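>>> predicted model and sequence follow; I will ask about them next.
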Amino acid sequence: MKIGVIMGGISSEREVSLRTGEEIIHHLDRSRYEVVPIIIDQRADLITQVQQTNIDLAFLALHGQFGEDGTVQGALETLGIPYTGSGVLASSLCMNKQLSKMLLKAAGVSTPVGLCWQGMDEYDPQAVEQLGYPVIVKPNTGGSSIGIQLVHNETELLAAVQEACTLDQTILIEPYIQGMEITCSIVDGEVLPIIGIRSAHSAWFDYTAKYEVGGAEEKVIEFPPAIQQRVREAAIATYRQLQCKVYARIDMILCEDIPYVLEVNSLPGMTSGSLLPKSAAAAGMSFSQLLDRIIDSSLRERRQEWGCCSMFSDKGAGRFLSSNVQNIKPSGIRAFFDLNAAAGDTIGLGVGEPDFVTPERVRETCIQALRDGKTKYTSNAGLMELREEITSYLNRSFALSYDPNHEIFVTVGSSEAVDLALRTVLDQGDEVLIPAPSYVAYEPITHLHGGRLSK
């Protein structure tokens with residue numbers, strides 16, 4: 001099996017990602033895998049290098065933006081390349097601390113909740129005063145404790161908020177919960193031994209404590225049975241609520257025997273000093289065995305998510321199209337495309353998506369696009385035209401045929417649907433209008449097929 005280890009990236013965690021990638025490459029079993037390093041320096045590198053190397057699996061060693069946030073996962077689904085770890089949705093949820101906290105709170109999982117500001121315009125020291133010092137100031141996205149500061153008073157607050165705003169337009173201010181820092185690694189649904197953390201030179205587990213030699217004492221810890229069970233249940237509940245798959249690491253603070261979930265790492269660090277390999281070692285797994293398990297679980301998960309394309313006929317004759325519809329492999333997001341009812345002369349792909357944009361907003365965007373002349377489709381075009389074009393494309397390219405008036409072509413993923421639609425109807429240089437924010441796969445698919453993006 002040819003495995004591409006994708007590392008580097010464009011986020012503030014690039015250096016950590018490179019170290020993770022190097023460690024993974026070092027420990028992958030050469031008797032089982034052909035290993036190809038893929039170093040990302042800019043967004044365009046991903047599609048180019050993955051296509052050139054012809055890999056069977058992408059082992060994701062990326063951290064932060066364009067790595068853990070679902071964008072890379074979406075692009076790989078479009079290319080039909082299986083990848084390690086959680087899917088698009090879980091990756092996006094875990095990256096967004098504010099959104100993940102809302103979901104955890106709804107599920108009854110304890111987590112620090114404070115203020116959420118959209119930039120310096122919402123700076124309000126009085127609100128922080130009411131929250132009570134000390135507080136933790138952090139960017140809403142990102143990891144490795146970059147940009148996170150412990151703030152003791154108003155004098156320190158402004159500089160901390162300004163620094164966090166340089167890393168993210170959304171920042172969180174949370175009450176500082178004092179207690180024991182712990183982390184729970186989960187692999188394939190199994191909670192590995194819990195590790196307790198004590199920073200050597202700082203009040204909390206900051207970047208220096210995480211990555212400098214001797215920066216922290218990290219060891220497996222065994223709690224009394226009731227507390228041990230409480231911590232494990234919080235970890236599993238978090239993993240499931242955020243739709244994590246394959247593996248993840250849940251960081252917590254244990255305060256007065258209550259575990260508070262701080263954040264979830266959907267692609268946890270895998271350096272020589274990282275917590276997941278230490279936890280795996282305590283469970284009797286070598287680094288190479290851990291990688292084998294991640295690979296096997298990821299392939300199994302992608303097969304379950306992607307399944308196969310199928311055709312259902314109203315005449316009762318069901319038949320299956322396997323993934324030999326080459327380069328139109330199914331993804332794990334469940335939707336085909338839909339026609340925008342309010343603007344019948346546009347073709348709407350997955351109207352109602354993305355999850356955080358209301359259908360009304362999408363309709364308004366499409367209608368405005370029509371008024372601005374941003375679409376080539378006329379009043380006699382639309383869903384039927386698209387169905388006919390796709391029918392013709394499948395027949396020409398893959399010798400596949402079906403009757404669009406009596407049979408429905410079903411995909412299991414919106415990224416596949418968008419890919420198929422744009423392959424069929426997009427001409428070089430066409431403008432593709434998408435709402436912002438958008439489903440993460442739209443951008444790479446559009447560029448892949450020669451379109452120009454308009455948000």
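Perfect, I can see it now.
>>> low-confidence ranges in the protein?
Counting by pLDDT under 70, the chain has low-confidence residues at 142-145, 200-216, 306-391, 393-394, 397-445, 447-455.
>>> got the domain ranges for it?
Here the chain is described, according to automatic domain parsing, as comprising the domains 2-87, 113-175, 180-290, 309-454.
>>> who's in contact with residue 241?
103-104, 107, 109 (C-beta atoms under 8 Å, 6 or more residues apart in numbering). Bear in mind the C-beta positions are built from the backbone N, C-alpha and C, glycine included.
>>> with respect to residue 151, which of these is nearest?
residue 104 (23.4 Å; C-beta to C-beta).
>>> just say helix, strand or coil for the closest one.
With DSSP: H, G, I helix; E, B strand; the rest coil as the basis, residue 104 sits in helix.
>>> what's around it, how many residues?
As a burial measure, residue 104 scores 21 neighbours (other C-beta atoms under 10 Å).
>>> and the residue lying closest to it once chain neighbours are set aside, how far from residue 254?
Excluding its sequence neighbours, the residue lying closest to residue 104 (C-beta to C-beta, 6 or more residues apart in numbering) is residue 111, at 4.9 Å. Here the distance between residue 111 and residue 254 works out to 13 Å (C-beta to C-beta, to the nearest Å).
>>> overlap in contacts of the two?
Between them, residue 111 and residue 254 share the contacting residues residue 260, judged by C-beta under 8 Å, 6+ apart.
>>> which elements pack onto the strand or helix carrying residue 301?
Using DSSP states H and E, residue 301 sits within helix 287-306. Counting contacts by 3 or more C-beta pairs under 8 Å, 6 or more residues apart in numbering; DSSP states H and E, helix 287-306 packs against helix 14-27, strand 57-60, strand 180-187, helix 275-282.
>>> next structured bit after the shortest one?
Spelled out, it's strand 57-60. By DSSP H and E, the next helix or strand past strand 57-60 is helix 71-79.
>>> again, but for the longest one
Scanning forward in sequence from helix 14-27, with DSSP H and E defining helices and strands, the next element found is strand 34-40.
>>> just checking, what packs against the helix or strand following that following strand?
Where DSSP H and E defines the elements, the next helix or strand beyond strand 34-40 is helix 44-53. On a contact count with 3+ C-beta pairs under 8 Å, 6+ apart, helix 44-53 meets strand 2-8, strand 34-40, helix 71-79, helix 442-448.
>>> what about the strands in the stretch 151-300 of the chain?
Remark: strands assigned in the stretch 151-300 of the chain by DSSP state E, counting those that start in this stretch are 170-175, 180-187, 190-191, 195-199, 216-220, 247-255, 258-265.
>>> columns mean neighbour count on top of the ones you listed, output as TSV?
Formatted as TSV, the strands of the stretch 151-300 of the chain follow (neighbours: other C-beta atoms under 10 Å):
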stretch	mean neighbour count
strand 170-175	21
strand 180-187	22
strand 190-191	15
strand 195-199	17
strand 216-220	16
strand 247-255	23
strand 258-265	22
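>>> can you put the ones you listed in CSV and add distance to residue 282?
Shown next, in CSV, are the strands of the stretch 151-300 of the chain (distance: least, C-beta to C-beta, whole Å):
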stretch, distance to residue 282
strand 170-175, 30
strand 180-187, 10
strand 190-191, 12
strand 195-199, 8
strand 216-220, 5
strand 247-255, 14
strand 258-265, 18
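>>> can you say which of these is nearest to residue 120?
strand 170-175 (9.2 Å).
>>> now the angle from that closest one to strand 258-265?
160 degrees (axes from the mean of the first three to the mean of the last three C-alpha atoms, to 10 degrees).
>>> comparing the helices and strands packed on helix 287-306, which comes out most buried?
Neighbour counts (mean count of other C-beta atoms under 10 Å) averaged over each of these peak at strand 57-60, with a mean of 26.
>>> quick check, residue 91 in a helix?
Yes. Per three-state DSSP, residue 91 lies within a helix segment.
>>> and it, how many neighbours?
Counted with other C-beta under 10 Å, residue 91 comes out at 28.
>>> hmm, it is touching residue 85, no?
Yes. In this structure residue 91 lies within contact range of residue 85 using C-beta atoms under 8 Å: 7.3 Å.
>>> list residues touching both of those two?
73, 266-267.
>>> just to revisit the earlier point, now tabulate the helices and strands packed on helix 44-53 in TSV and tack on distance to residue 278 and mean neighbour count.
Listed next are these as TSV, based on distance: least, C-beta to C-beta, whole Å; neighbours: other C-beta atoms under 10 Å:
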stretch	distance to residue 278	mean neighbour count
strand 2-8	20	23
strand 34-40	23	18
helix 71-79	26	27
helix 442-448	35	21
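>>> closest to residue 180 out of the ones you listed?
Residue 180 sits nearest to strand 2-8 of all these, at 32.0 Å, using C-beta to C-beta.
>>> tell me what that closest one is packed against?
Contact here means 3+ C-beta pairs under 8 Å, 6+ apart; on that basis strand 2-8 packs against helix 14-27, strand 34-40, helix 44-53, strand 57-60.
>>> with distance to residue 294 added, can I get those in TSV?
TSV is the format used below for these (distance: least, C-beta to C-beta, whole Å):
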stretch	distance to residue 294
helix 14-27	9
strand 34-40	14
helix 44-53	19
strand 57-60	8
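>>> and of the ones you listed, who's closest to residue 172?
helix 14-27 (21.0 Å).
>>> what helices or strands is the closest one leaning on?
Contacts defined by 3+ C-beta pairs under 8 Å, 6+ apart place helix 14-27 against strand 2-8, strand 34-40, helix 287-306.
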